[in-house]
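1. next comes the sequence, and after it the predicted model I'd like to discuss.
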Amino acid sequence: MHYQHIRLPVGGEQLTVEANRLVVPDNPVLGYIEGDGIGPDIMRACLRVWDAAVERAYSGRRKVHWAELHLGEKAAEQYAGNYFPQETLDALKELIVAIKGPLTTPIGGGFRSLNVSLRQALDLYACVRPVRYYTGVPSPLKKPEQIDVVIFRENTEDVYAGIEYPSGSDEMRKLERFLKEEMGATFFDDAGLGIKPISPFATKRLVRKAIEYAIANQRESVTLVHKGNIMKFTEGAFRNWGYEVAREEFGDKTITEDELYDDYGGKRPKDKVIIKDRIADVMFQLMLLRPTEFDVIATPNLNGDYLSDAIAAEVGGIGIAPGANIGDHIAVFEATHGTAPKYANLDKVNPGSLLFSGVLMFEYIGWNEVADLIRHAYPAVLKRKIVTYDFARQMDGATEVSTSGFADALIDEVRKSV
Ligand code: NAP
């Protein structure tokens, strides 16, 4: 494909999908989008750490060829004010796997959010957030090491579908008339109205991905988190369709919680993933009180939004929590925090969220050795109490370093690893 501003690196080969599987060459071209605000600082640091880990893992046999793509403010500079250029979307589709920093949502730019637009344009229907504890990270819990979950949040529907009408608008009046006169609904006059679509199609593809992940990674359970006690035909249906996809497509590899107790005396057979469900509000309590009972979580969009930040905070990781938005093959990995504009270009913030999103990306392409090296190097650096400002203010006796200084310390550890 010919691009106006994108330069694909020479020497790299593109990923492909063959027989529904991702095929990754030893010299893949992966896309990166710096992002706005602190994006360039953290991306610069992370690219160095990832490259060092790839070099350490494969001694030159494998190498990533990075292709810079633009979205957000940097795109607007290049593409005559366009924050969301079509050729970036085309390149993301062509390259299949990419990683991005945070993006400012242009105020009055005609976008709800660039991130939401990106998910919709590429149909990245699963927001995947692994949350686990790294020794040394300051956490509010007594036993944060008990938390090790992967959240699959549905990304395309629910109240995020953007179907809502302001109080008193013509559209709202029209819908109000229909709901009150034809459907017998009752609600206060002038209420702003929003629609919450939840479909079997979107639910099943999300839950399918969560179960496939659980099976591939020897996870014990998938918990469907919903508010079906109140919203029966949306959240309750999510639960029912979730069990349906487990039964119909993974019947030999999954059992329900009832079957676990009725047929297996409460002891999970090693080759079965338990499918269970919990009401969303209870789930917030359980993740504080009995987190070891949970493993993979699949949930509609809004629950997932709240839950992923809350669980990340439990391990002290809101600034280091990684994330990815994944479709059928296309995947965009991303820092989960925002652009923190007051720290832009100060070389100050924690690169952890983007760093671990990269770890997730290397696992996605099957380069687990790279992921393992970074996972081991990180706590080793923290053990030496070398941290960025955000952790330094929560720790005694810490040595505060810059973003690039933290990357240097990580690279030292990566190079020392055996
Ligand atoms: P934010 O950028 O996440 O920043 C809020 C605070 O979180 C910062 O002031 C800082 O706390 C802390 N923080 C964020 N990233 C950090 C890091 N890497 N290391 C250490 N501390 C970090 O949230 P916001 O101020 O609400 O949003 C700013 C812009 O980002 C908005 O335009 C918003 O739309 C956008 N945004 C983008 C994304 C995305 O692209 N995925 C996500 C969320 C928000 P202290 O001040 O306490 O040091």
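-> On my side now, so go ahead. Residues are numbered from 1 along each chain as shown.
2. when you work out contacts or count neighbours from here on, use the C-alpha atoms and nothing else.
-> Noted.
3. get me the contact residues on the stretch 101-250 of the chain for the ligand.
-> Selection of the stretch 101-250 of the chain residues close to the ligand by C-alpha under 6 Å from any ligand atom yields 102-105.
4. pLDDT for those residues - can I get that in TSV?
-> Shown next, in TSV, are these (pLDDT from 0 to 100):
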residue	pLDDT
Pro102	96
Leu103	94
Thr104	89
Thr105	80
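5. which one of those residues sits closest to Ile279?
-> Pro102 (31.3 Å; C-alpha to C-alpha).
6. can you give me the helices in this structure?
-> Per DSSP state H, the chain carries helices over the ranges 39-58, 73-78, 86-95, 114-121, 170-177, 200-216, 237-249, 257-264, 280-289, 301-314, 352-364, 368-383, 389-392, 403-416.
7. just the mean pLDDT for the fourth one, thanks.
-> Regarding helix 114-121, the rounded mean pLDDT is 89.
8. and that helix, how far out from the chain middle?
-> Relative to its chain's centre, helix 114-121 lies at 13 Å (C-alpha atoms, centre = their mean, to the nearest Å).
9. what are the buried residues along it?
-> Of the residues in helix 114-121, 114-116, 118-119 count as buried by neighbour count, 16 or more other C-alpha atoms under 10 Å.
10. residue ranges with poor pLDDT in the stretch 151-300 of the chain?
-> Along the stretch 151-300 of the chain, no part satisfies pLDDT under 70.
11. in it, which residue sits closest to the ligand?
-> Asn155 (13.3 Å; C-alpha to the nearest ligand atom).
12. distance of that residue from Arg384?
-> Going from Asn155 to Arg384 by C-alpha to C-alpha, to the nearest Å gives 38 Å.
13. the more surrounded of the two?
-> Asn155 (28 against 13; other C-alpha atoms under 10 Å).
14. any idea which of the residues of the stretch 101-250 of the chain next to the ligand is the one closest to Gln394?
-> Pro102 (24.1 Å).
15. ok so, going back, what's the closest of the buried residues of helix 114-121 to the ligand?
-> When those are compared for distance to the ligand (C-alpha to the nearest ligand atom), Asn115 wins out at 6.0 Å.
16. mind listing what that closest one touches?
-> By C-alpha atoms under 8 Å, 6 or more residues apart in numbering, Asn115 lies in contact with Leu103.
17. before we move on, what about Tyr160?
-> By C-alpha under 8 Å, 6+ apart, the contact set of Tyr160 is 196, 301-302.
18. can you rerun that using 10 Å?
-> Counting by C-alpha atoms under 10 Å, 6 or more residues apart in numbering, Tyr160 touches 112, 116, 194-197, 301-302.
19. just name the closest of those to Asp51, please.
-> Asp51 has its nearest neighbour among the contacts of Tyr160 in Val116, at 29.3 Å by C-alpha to C-alpha.
20. got the contact list for the closest one?
-> 105, 124, 155-156, 160-161.
21. what distance do you get for the residue of the stretch 51-200 of the chain found nearest the ligand to Gly35?
-> Among the residues of the stretch 51-200 of the chain, Pro102 lies closest to the ligand, at 3.3 Å counting by C-alpha to the nearest ligand atom. For Pro102, the distance to Gly35 (C-alpha to C-alpha) stands at 5 Å.
22. any common contacting residues for these two?
-> 42-43, 71-72, 334-335, 338-339.
23. which members of these additionally contact the ligand?
-> Among these, proximity to the ligand is found for 338-339 (C-alpha under 6 Å from any ligand atom).
24. what subset of the shared contacts of Pro102 and Gly35 is buried?
-> For the shared contacts of Pro102 and Gly35, buried by 16+ other C-alpha under 10 Å: 42-43, 71-72, 334-335, 338-339.
25. now these in CSV, with pLDDT and distance to Gly228?
-> Converted to CSV, these look like this (pLDDT from 0 to 100; distance: C-alpha to C-alpha, whole Å):
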residue, pLDDT, distance to Gly228
Ile42, 98, 40
Met43, 98, 40
Leu71, 96, 37
Gly72, 94, 37
Glu334, 96, 30
Ala335, 94, 31
Gly338, 92, 31
Thr339, 95, 35
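26. closest one to Thr403 out of the buried residues of helix 114-121, please.
-> Using C-alpha to C-alpha, Asn115 comes nearest to Thr403 of those, at 24.1 Å.
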